[in-house]
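Visitor: Turn this into a structure:
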Amino acid sequence: MNPRIAKLKTYKGIPIVFFATIDKKGIPDFKVTDEEKRMRCGKEHLCWICGEPLTMPICFIGGPHSVAQGTFTDGPMHAECAADSMEMCPWLLGRMDYAPPESFKMDRHNRPVRFVTGAARPEMVKSPDRVAIYKCLGFDILILPLQGGRCAWFFKAFTALSVDFRDRIAPTAKTA
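Guide: Just a heads-up that it's a prediction; the model follows:
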């Protein structure tokens with residue numbers, strides 16, 4: 001584990017990553033992104049995992065669709081944080097699948113989730129069989145208009161320096 005992640009507080013032995021939503025009792029919900037922290041990652045160029053300023057190369061993790069488009073919902077990371085995530089994250093390892101889409105309508109604080117992630121879009125509910133670390137030298141913010149005057153935004157990575165795919169093992173049980 002790299003020193004940046006080693007400094008993070010833990011919950012039941014799991015590092016509490018920067019993006020996790022934390023309830024009033026200090027319990028993290030790793031399935032629900034803290035949208036304010038996600039925005040900070042984009043605006044302030046902070047690591048999605050450790051919350052520290054980014055260094056080059058910048059990495060993103062995503063499935064084949066995200067990699068092909070160079071467009072990611074999850075934020076930018078240090079190379080070391082991305083590598084550690086690929087070794088520790090239950091979803092990336094394939095030990096769990098997406099939570100059901102209905103679980104993304106309200107967060108742990110009973111607040112509406114303003115940003116609908118790929119996991120909540122009906123066409124994206126099936127988890128990818130492979131995930132990759134996409135290394136690049138920067139990113140832009142891509143804003144897409146939605147119905148009703150709303151919008152969604154993504155991290156649009158610059159041209160890949162490298163892409164390292166890894167197979168996910170089949171989840172043993174779906175988690176909610």
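
Visitor: Just want the phi and psi numbers for Val17.
Guide: phi -70, psi 160 (degrees, to the nearest 10).

Visitor: Enumerate every residue touching Phe30.
Guide: Ile14, Val17, Ala20 (Cβ atoms under 8 Å, 6 or more residues apart in numbering). No exception for glycine: its C-beta is placed from N, CA and C like everyone else's.

Visitor: what about the second one, neighbour count?
Guide: Going back to what we said before, that points to Val17. Residue neighbour count, defined by other Cβ atoms under 10 Å, stands at 23 for Val17.

Visitor: one step back: let me know the closest of the contacts of Phe30 to Leu8.
Guide: Val17 (7.0 Å; Cβ to Cβ).

Visitor: Tell me the spacing between that closest one and Gln69.
Guide: Note on Val17: its distance to Gln69, by Cβ to Cβ, to the nearest Å, is 24 Å.

Visitor: Kindly report the same for Thr33.
Guide: The gap separating Thr33 from Gln69 is 19 Å, by Cβ to Cβ.

Visitor: Kindly report the same for Pro28.
Guide: Distance, Pro28 to Gln69, by Cβ to Cβ: 29 Å.

Visitor: The two: which has the busier surroundings?
Guide: Pro28 (21 against 13).

Visitor: What does Phe158 show for phi and psi?
Guide: phi -70, psi 170.

Visitor: What pLDDT does the model give it?
Guide: On pLDDT, Phe158 comes in at 98.

Visitor: Check Val113 too.
Guide: On the pLDDT scale, Val113 gets 51.

Visitor: picking that back up, would you turn the contacts of Phe30 into JSON lines with pLDDT and distance to Cys50?
Guide: Conversion of these to JSON lines gives the following (pLDDT from 0 to 100; distance: Cβ to Cβ, whole Å):
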{"residue": "Ile14", "pLDDT": "88", "distance to Cys50": "14"}
{"residue": "Val17", "pLDDT": "95", "distance to Cys50": "8"}
{"residue": "Ala20", "pLDDT": "91", "distance to Cys50": "12"}
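
Visitor: I'd like to check which residues are in contact with the spatially most central residue of the chain.
Guide: Closest to where the C-alpha atoms of the chain average out (Cα atoms, centre = their mean) is Asp74, at 3.2 Å. Residues near Asp74 by Cβ under 8 Å, 6+ apart: Phe19, Thr33, Trp48, Phe60, Ile61, Gly62, Phe155.

Visitor: Is it correct that His141 is in contact with Ala152?
Guide: If you look again at residue 141, you'll see it is Ile, not His. No. Using Cβ atoms under 8 Å, Ile141 makes no contact with Ala152, being 11.0 Å away.

Visitor: This completes my enquiry, with thanks.
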